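>>> Let me see the structure of the following:
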Amino acid sequence: MMVFLPTTGLLMGYFSGKGLPFFGLQIPGRTEPVPFIAKWAYVTHSWVGWAFEYAIPMHVGAAGLHSLQGHHVLKRMNPFN
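Numbering: from 1, shown residues only. I've put the predicted structure just below:
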């Protein structure tokens, strides 16, 4: 899912013909835009971003709640233990 947002963002910029701003560089977009793909990428990008806005705080809140209940959630998630 975390690969999905950058991928749809790249598709949106390339297929709209506007190009891709990438760390100060401007990668040119497609010379003949494909509105169907650009619109699909925009809608999908918006929905996945909206889902992240709610899923991430809920996930962090659930981990905090379980930590307060005495479960060792953070200890189990630590890869160095």
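>>> shaky segments in the chain?
Applying pLDDT under 70 to the chain flags the ranges 1.
>>> Farthest from the middle of it: give me that residue.
Distance from the C-alpha centroid of the chain, by C-alpha atoms, centre = their mean, peaks at G70 (31.7 Å).
>>> ok so that one is a helix residue?
No. Looking at G70 with DSSP: H, G, I helix; E, B strand; the rest coil, it is coil, so not inside a helix.
>>> Phi, psi for it please.
With angles defined as degrees, to the nearest 10, G70 sits at phi 100, psi 0.
>>> Quick check: it vs V3, distance?
According to C-beta to C-beta, to the nearest Å, G70 and V3 sit 35 Å apart. C-beta here means a position set from N, CA and C on the backbone, and glycine is covered the same way.
>>> next structured bit after the host helix or strand of A62?
Assigned by DSSP states H and E, A62 belongs to helix 35-68. Downstream of helix 35-68, the next assigned helix or strand under DSSP H and E is helix 73-77.
>>> which outside residues touch that following helix?
Helix 73-77 is touched from outside by 63, 66-67, 81, with contacts defined as C-beta atoms under 8 Å, 6 or more residues apart in numbering.
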